[in-house]
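Enquirer: need a structure here:
(chains A and B)
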Number of protein chains: 2
Amino acid sequence: MADNKIPYKIYLTEEEMPKAWYNLRADMKNKPAPLLNPGTGKPLTAEELSPIFCDELVKQELDDETAFIEIPAEIRDFYKMYRPSPLVRAYCLEKKLQTPAKIYYKFEGNNTSGSHKLNSAIAQAYYAKKQGLKGVTTETGAGQWGTALSMACSYFELDCKVYMVKVSYEQKPFRREVMRTYGASVVPSPSETTEVGRKILEMHPGTTGSLGCAISEAVEVATKNPGYRYVLGSVLNQVLLHQSVIGLETKAALDKYDIHPDIIIGCAGGGSNLGGLIAPFMGEKLRGKADYRIIAVEPASCPSFTRGRFAYDFCDTGMICPLAKMYTLGSGFIPSPNHAGGLRFHGMSTVLSQLYHDGFMEAQSVEQTSVFEAAEQFARVEGILPAPESSHAIRVAIDEALKCKETGEEKTIVFGLTGTGYFDMVAYEKYHDGLMSDEIPTDEELEKSFATLPQIG
Amino acid sequence: MADNKIPYKIYLTEEEMPKAWYNLRADMKNKPAPLLNPGTGKPLTAEELSPIFCDELVKQELDDETAFIEIPAEIRDFYKMYRPSPLVRAYCLEKKLQTPAKIYYKFEGNNTSGSHKLNSAIAQAYYAKKQGLKGVTTETGAGQWGTALSMACSYFELDCKVYMVKVSYEQKPFRREVMRTYGASVVPSPSETTEVGRKILEMHPGTTGSLGCAISEAVEVATKNPGYRYVLGSVLNQVLLHQSVIGLETKAALDKYDIHPDIIIGCAGGGSNLGGLIAPFMGEKLRGKADYRIIAVEPASCPSFTRGRFAYDFCDTGMICPLAKMYTLGSGFIPSPNHAGGLRFHGMSTVLSQLYHDGFMEAQSVEQTSVFEAAEQFARVEGILPAPESSHAIRVAIDEALKCKETGEEKTIVFGLTGTGYFDMVAYEKYHDGLMSDEIPTDEELEKSFATLPQIG
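Expert: Numbers count the residues shown, from 1 in each chain, chains lettered A, B, ... in the order given. Purely as a prediction, here's the structure:
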């Protein structure tokens, strides 16, 4: 199958694995705009952030200068449990598509959390433990981030409280049980355990919850209980920093065999995967050392980059969290319930937003039936059952490979395969049964949502 | 974490991967007793088997002499998609147990089928394709084997018809959808599509099906449709042959670092995993070249080795398949419905049965609550969420490591971690909620079941 000396799967040795994360912000001339305090409208200080996040993470969140931040040995030890992740040459997919393009994917799904989320979960748990905290709180929707965090907390023997959107808690019990296996306490949100939860239940009895409400509950518990902090799985600078391990490994693997990618593709929800995957490549691009075409892929049902505004907005629907300058659909935007999988966040990482705004990357939106078509095509030849989120990147990788087929160009395409779809079979079933539809917000809906944007910045 | 130069995970290079399967029967002085034709009571010939299995597989099934059988290049290419599987040093588990024992596990779950079943599925699909067949048929219970087969058939563009026990088809829809993703047609059994299915539906309207009935339907379709053959995921000699890749990789990885295992542990249902894992080690033992303690672990609810009879019996509950001499609980034996996961087969591979009978290996039965306790303990420190089946081996590995803690012995323990538990969260939930019970058949129940044994051999 291999037509040269490049292995089917490139694994780095333990020695070749990254020893420091790469902080892309250090190489950005236009730094991402700072987070603002929603009360004062002024940039948030370390002091203001420290009751919410643990100290070392606050430092990382605000550090726009240090290019390389050492990965602590304890985290590198944990990484060894599931890293390096393989960089796979998609020989079978290439053959099936009859394309001259060379396709590689970085597969992050070979761990129990099923996705790349574990890369940051373990870092955040480590710093919480190091600070002597008792535990952390977070929210989760479908449960991917909550699962990753519960694994990390179990490893460091930290208490882990997860507020899970009630409708997911009830309808998607499997990830809930994975979290319980790892010893997390999983509470359906809104709950009676918090002030904000009780308030919401009083105002909306019978509500099935929302991510915004779950965030509010998790933050309340973290700030009211001594020894606890809140953690988040995407959007934040610190998360992109930790996820740079994906891109650093990818680049090391490519460099090892002298491969220069032409196109780098990643799916984008809050930006944790995309920001991590592209980090070292974007760094070279910013420093004028190399050029790459970088494509963010988002669902047409939640098109922050391609149809959003670049403006300050709240990160949560409850409007209690800091304001971030980002591509946003408005904090009141809720994707159609028929939209499968994740990538439902109304905003986007401020780092990626700035880079997109400055023209360093492209964005494409894709419709979900075509995403599942690509997912199934990929699964059948490459063996891996991809998560719906990851399949957004597969869709565009296939599209680009088919363009190469027409032009005869032998481009090298690298995409991020963020996770597996084992817990998404209900969506696959809908697709098989022809019951899946494409869900695109109308201009009117978006205008209505943009009207909720705060008048700042 | 590593206290020496042995990596956390040992991966073989492509060059180090096995190029031939090892046929353990070649080194057995007492060969396994032959399969008998249930009609004539005489050993089955290649001619009698060829309408059921494809020709090359019939040859492999009957070949007790050839020690090494080359793995065709096409199968080795497919193996590269998910092999080599890692041999992992369980440093975290050792630390947690505070044992001087060194624990290794061979992890077969990093592929979409979620288990080792793919090793034989791809081989059986390959030979079917090579013979120019249109497709294959099989049965599946929970769906692990069916999933593996559908992946293999998709790769070789073979038609794949899976008869899935109706109750699983309805209550466990996720693996069904994975199979559909790979293009398999999945039929709830009993069905109207076969004579035997219609007969059973007439006799037992409203039945939720059984594995025995699904086998009968799959065999009928294979033998009545030109260009089709039947395939099976365990028990058979050919399956153990293909699965020897597990043991060969394990041994190569251990040899690479000069590690000599003292104890080798595997879970045992029909024997596919255990037979594969131990193959090269047992071979050395049979040739007097080395000694190993080899332990088969089975559920107390389906204790073929530890409480069964060594006798000729039917392989299916429908009593239409060949007779095999094996440790059996009687073909009418059905484990308690409260028994979670697989390992439900009433019999056992004839190869393993003979070896056990001749004293070359031990067997232990374990109760399911203690199995889930071990599973959870393992998940929390090693990160991987194990399948209930695999967790039987974890239980005994932990027990042996704890014995070492008492005696101070630094034994090296290797066990097979056959798969992941993502589709078994209902069982985990039961365990978390304290609703899981141990299910052990009474002597009376077993005696009743033994009464169904045919009077042969």
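Enquirer: For the rest of this, base every contact and every neighbour count on C-alpha atoms.
Expert: OK.
Enquirer: where exactly do the helices run in the stretch 51-200 of chain A?
Expert: Remark: helices assigned in the stretch 51-200 of chain A by DSSP state H, counting those that start in this stretch are A:55-62, A:73-79, A:91-97, A:118-130, A:144-156, A:166-171, A:173-181, A:195-203.
Enquirer: surely A:Ala379 meets A:Leu385?
Expert: Yes - with contacts counted by CA atoms under 8 Å, A:Ala379 reaches A:Leu385, the gap being 5.0 Å.
Enquirer: The two: which has the busier surroundings?
Expert: A side-by-side neighbour count of A:Ala379 and A:Leu385, using other CA atoms under 10 Å in any protein chain shown, places A:Leu385 first with 26 against 21.
Enquirer: For the residue nearest to A:His357 when sequence neighbours are not counted, which residues are in contact?
Expert: Distances taken as CA to CA, 6 or more residues apart in numbering or on different chains put A:Phe310 closest to A:His357, at 7.8 Å, once the chain neighbours are dropped. Residues in contact with A:Phe310 (CA atoms under 8 Å, 6 or more residues apart in numbering or on different chains) are A:325-328, A:353, A:357.
Enquirer: Mind checking which of the residues you listed are in strands?
Expert: Counted as lying in strands by DSSP state E, out of these, are A:325-328.
Enquirer: CSV please, covering the residues you listed and showing pLDDT, neighbour count and distance to chain B.
Expert: Putting the ones in strands among the contacts of A:Phe310 into CSV (pLDDT from 0 to 100; neighbours: other CA atoms under 10 Å in any protein chain shown; distance: CA to the nearest CA, whole Å) gives the following:
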residue, pLDDT, neighbour count, distance to chain B
A:Lys325, 97, 26, 36
A:Met326, 97, 30, 35
A:Tyr327, 98, 27, 35
A:Thr328, 96, 31, 34
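Enquirer: Quick check: the two most widely separated of those residues?
Expert: In terms of CA to CA, these reach their longest pairwise distance at A:Lys325 and A:Thr328, which sit 8.5 Å apart.
Enquirer: list residues touching both of these two?
Expert: Common contacts of A:Lys325 and A:Thr328, defined by CA under 8 Å, 6+ apart, comprise A:310-311, A:313.
Enquirer: So what's the residue count around the closest residue to A:Asn237 other than its chain neighbours?
Expert: By the measure of CA to CA, 6+ apart, the closest residue to A:Asn237 outside its immediate chain neighbours is A:Glu61, 5.3 Å from it. Using other CA under 10 Å, A:Glu61 has 20 neighbouring residues.
Enquirer: go on, A:Glu445?
Expert: Taking other CA under 10 Å as the neighbour definition, A:Glu445 ends up with a count of 12.
Enquirer: you'd agree it is in a helix?
Expert: Yes - going by DSSP: H, G, I helix; E, B strand; the rest coil, the assignment for A:Glu445 places it inside a helix.
Enquirer: thinking again about what came up before, per-residue pLDDT, the residue nearest to A:Asn237?
Expert: The score at A:Glu61 is 97. That number is its pLDDT.
Enquirer: Could you do the one 10 residues further on as well?
Expert: At A:Ile71, the pLDDT value in this model is 98.
Enquirer: How about A:Gly269?
Expert: Looking at A:Gly269, its pLDDT is 92.
Enquirer: ok now do the closest residue to it other than its chain neighbours, which residues does it touch?
Expert: Counting by CA to CA, 6+ apart, A:Gly269 lies nearest to A:Leu343, which is 3.9 Å off, once chain neighbours are set aside. Applying CA under 8 Å, 6+ apart, we find A:Leu343 in contact with A:268-270, A:298-299, A:302, A:389.
Enquirer: Most neighbours among these, please name it.
Expert: Note: the member of those with the most neighbours is A:Ala268, at 32 neighbours, neighbours being other CA under 10 Å.
Enquirer: Please look at it and A:Gly276 and confirm they touch.
Expert: No - distance between A:Ala268 and A:Gly276: 10.9 Å, which falls outside the contact criterion (CA under 8 Å).
Enquirer: So which residues on chain A come close to chain B?
Expert: With CA under 8 Å from any CA of the partner chain as the criterion, chain A meets chain B at residues A:1, A:7-9, A:14, A:77, A:80-81, A:110-112, A:151, A:154-155, A:174, A:177-178, A:180-182, A:376, A:379-385, A:422-423, A:425-426, A:428-429, A:432.
Enquirer: Can you flag the buried ones in those?
Expert: Members of the residues of chain A next to chain B that pass the buried threshold by neighbour count (16 or more other CA atoms under 10 Å in any protein chain shown) are listed as A:7-9, A:80-81, A:110-112, A:151, A:154-155, A:174, A:177-178, A:180-182, A:376, A:379-385, A:422-423, A:425-426, A:428-429, A:432.
Enquirer: Inside strands: which ones of these?
Expert: Counted as lying in strands by DSSP E, out of those, are A:Lys9.
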